[in-house]
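Undergrad: Next come a sequence and a model predicted from it.
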Amino acid sequence: MTKTHKDVEVLMNEQRVFSPPKEMADKSNIKAWMDKHHIKSYDELLKKAEDVEWYWGEVAKELEWFKPWEKTLDASKAPFYKWYTGGKMNIVHNAVDRHMKTWHKNKVAFIWEGETGEVKKLTYRDLYIQVNKFANALKSLGVKKGDRVSIYLPMLLELPIAMLACAKIGAVHSVVFSGFSAKALRDRMNDCGSKVLVTADGFYRRGSVVSLKHNADEALKDAPGVESVVVVKSVGNQVPMTTERDIYWHDMVEGESMHCKTEEMDPEDPLFILYTSGTTGSPKGIVHVHGGYAVGTYSTTRNVFDMKEEDIYWCSADAGWITGHSYVVYGPLINGTTSFMYEGAPSYPHPDRWWELIEKHGVTIFYTAPTAIRAHMRLGDEWPKKRDMSCLRLLGSVGEPINPEAWVWYHELIGKKTCPIMDTWWQTETGMHMISPVPMTVLKPGTATKPLPGIVADIFSEEGESLTDKGGLLVIKKPWPSMLRTLYKNPDRYTETYWSKYKGIYLAGDIARKDKEGYYWVQGRADDVLNVSGHRIGTAEVESALVSHAAVAEAAAIGIPHEVKGEAIRTYVVLRKTHTPTAELKDELRKWVGIEIGPIARPDEIWFVEDLPKTRSGKIMRRVIKAKAKGEPVGDLSTLANPEAVEGLDHLK
Ligand code: PRX
């Protein structure tokens, strides 16, 4: 039986903290790093690493550079910071090429399992050859340094291969999560001006085939910049191929050379653009670069997950999100890790599919999201208990605050009370873990603990004073190498969103509290961004999808607490006079949002209302709607133009 709230309270009182096993701490990578630099304690390291140029300069020396950098940090055009200027490098040289010089070439880079149970293994040498062949194929399509390539693939091995092939020749990849809709794909391809799209015929999801190519074709109807479409034949379903535009991956790489020169890049050259939700209807194109991103993902993978040669590591995130970019692809490969990758759904065809995979492949490090843990908790304790997961030695969590119940369940049922849990706080924008334990940190369930070495964070009041033991805004006070460099084609929005509230300080957009021991308790977003199952969705995106439907005059979206997803989406919809509120229309609207954005953004609840509370200037007062939803006082209503709308929120649902 899953623990009740009361049990957890008792347990936390008895065992409020958990220390990683002493042997693990003593043999950890972070301890070895400290020894090498004659640093006696982790706290001493944290203090010393507040000199971010010193710390990130030392870490960067562990990677291979074609030409050493001259300046570690150039802040002359802040907030457009530059790292490692004057150097030359390529992230792919570090993630793949350099392993060819050591025994790593024969080490397995990826063990992949499909939903149907098919298993494939790729050594670093296999990966090298496949990346080179695909890089040459991209060149033959005319892709050059700086060109953008969109990738719309499920969790197939071709996904990391395509990303690495782009980076190798200096092209910029933009991965679009395969669960996103045709429209979302179209908008992203058009925004970044992609020349090529890489996609697949389809993929398996809970036993049925999702026809991805169909979505891609829909998107391509209105994406004039895309000249070529590469299609991975994965499930082998019949898909239409447009002559002169579409080509199968296997036909393309056939006959291509297994050698391909790695482009010498400036460390500040863009590596990828990844779109994420913000507070407006249009997602932001987060830009990351080769140099600093390589250094940050390398060191955090090494120190937080304590990655060792013999580990089998599994990050369950899809590479369509930042977690997959940093901790399925780049961070682990730069460390020469063996990673496990799974194509399918977590509990298909049986509830313990994940636990079976851990047992079968001998996974030692497992990194997942609280929403997945809660979903498994609901399925019952008997499922993990059936499996021998003694191979696991370390666990990770990401995407949202992990509630203590889920922490304790994860720790006991999956981690057998011995595995420490690395609760990693970070963002698409930060590129790497920012606040997280390392395997020598004393853990408390529900906190991501302390900022990592080289990260200087704080909690600020509205006025910018540092707060302890009080909720405030989470900020980062010094730049870090894997930070976003800008928003694609929108430098003003970059400056405005992240750097305008407090001068020279990065505003994360989260509310958090720092306790007396310096532990950070992240509570959630401070802006109108929802966190549904660990995925970021802008309320404005959902609203603009709804108002694009012929029946809808106005819409407001809010997040309400949800037992499994963390937050669920509730929308309030004002219909046009031409339409009447019916259950069928609700259904249609839910589906509509799914088509417009993707199934993850489908509202859980739709409430039809007569009116929405608005200010005199016509702005929807979401604050009032939220307070009503929570049953809290609605606060100051002096700017409200239509008080009757507040009462109406309770009716007509
Ligand atoms: O609110 C924080 C939450 O997820 C946001 C970042 O979302 P995204 O860019 O999609 O990246 C998710 C994966 C890194 C943050 O602003 N968040 C992420 N990790 C945690 C978290 N909240 C609390 N604890 C975490 N460990």
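TA: Nice, I can see it.
Undergrad: I'd like to know which helix or strand in the chain has the lowest mean pLDDT.
TA: Lowest mean confidence among the helices and strands of the chain (mean pLDDT, DSSP states H and E): helix 5-14, at a mean of 50.
Undergrad: pLDDT weak spots in this structure?
TA: Within the chain, the stretches with pLDDT under 70 are 1-16, 651-653.
Undergrad: what's the burial count for P384?
TA: 23 (other Cβ atoms under 10 Å). From N, CA and C alone the C-beta is placed, and that goes for glycine too.
Undergrad: Give me the next element, helix or strand, following the helix or strand where it lies.
TA: According to DSSP states H and E, P384 maps onto helix 382-385. Helices and strands here follow DSSP H and E; after helix 382-385, the next one along the chain is strand 394-398.
Undergrad: residues in the protein within reach of the ligand, list them.
TA: Contact residues, the chain versus the ligand (Cβ under 6 Å from any ligand atom): 276, 322-323, 398-401, 423-428, 448, 508-510, 522, 524-525, 531, 536.
Undergrad: now, which of these lie within helices?
TA: Under the assignment DSSP state H, these contribute 322-323 to helices.
Undergrad: Which among the residues of the chain next to the ligand count as buried?
TA: Neighbour-count burial (16 or more other Cβ atoms under 10 Å) applied to the residues of the chain next to the ligand gives 276, 322-323, 398-401, 423-428, 448, 508-510, 522, 524-525, 531, 536.
Undergrad: Mind checking which of these are in strands?
TA: Among these, the ones falling in strands (DSSP state E) are 276, 398, 423-424, 508-510, 522, 524-525, 531, 536.
Undergrad: now the strands for the stretch 101-250 of the chain?
TA: 108-113, 119-123, 148-152, 172-175, 196-200, 203-205, 208-210, 228-232, 246-248 (DSSP state E, counting those that start in this stretch).
Undergrad: could you redo these as a markdown table and give each row mean neighbour count?
TA: Supplementary listing: these in a markdown table, determined by neighbours: other Cβ atoms under 10 Å:
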| stretch | mean neighbour count |
| --- | --- |
| strand 108-113 | 20 |
| strand 119-123 | 14 |
| strand 148-152 | 27 |
| strand 172-175 | 25 |
| strand 196-200 | 27 |
| strand 203-205 | 19 |
| strand 208-210 | 13 |
| strand 228-232 | 22 |
| strand 246-248 | 17 |
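Undergrad: I'd like those strands as TSV, with distance to W607 appended.
TA: Shown next, in TSV, are those (distance: least, Cβ to Cβ, whole Å):
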stretch	distance to W607
strand 108-113	42
strand 119-123	47
strand 148-152	34
strand 172-175	35
strand 196-200	37
strand 203-205	30
strand 208-210	30
strand 228-232	41
strand 246-248	44
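Undergrad: among the ones you listed, which is nearest I286?
TA: strand 172-175 (10.1 Å; Cβ to Cβ).
Undergrad: Run through who's touching that closest one.
TA: Residues from elsewhere that reach strand 172-175, judged by Cβ atoms under 8 Å, 6 or more residues apart in numbering: 146-153, 159, 162-163, 166-167, 188-189, 192, 194, 270-275, 285, 319-320, 324-325.
Undergrad: roughly how far out does it sit from the chain middle?
TA: 14 Å (Cα atoms, centre = their mean, to the nearest Å).
Undergrad: Kindly report the same for stretch 336-346.
TA: So, by Cα atoms, centre = their mean, the centroid of stretch 336-346 is 16 Å from its chain's centroid.
Undergrad: Over to stretch 157-166?
TA: Taking mean C-alpha positions (Cα atoms, centre = their mean), stretch 157-166 and its chain are 17 Å apart.
Undergrad: Give me the contacts around it.
TA: So stretch 157-166 is contacted by 92, 95-96, 110, 112, 120, 122, 127, 130-132, 134-135, 137-138, 143, 149, 151, 153, 172-173, 175, 198, 200, 230, 232, 249, 272, 319, 325, 328-329, 333, 341 (Cβ under 8 Å, 6+ apart).
Undergrad: could you redo the last one with a cut-off of 6 Å?
TA: 92, 112, 130-131, 134-135, 138, 149, 151, 153, 173, 198, 232, 319, 329 (Cβ atoms under 6 Å, 6 or more residues apart in numbering).
Undergrad: any idea which of the residues you listed is the one closest to G296?
TA: Checking the contacts of stretch 157-166 one by one against G296 (Cβ to Cβ), the nearest turns out to be V329, at 13.7 Å.
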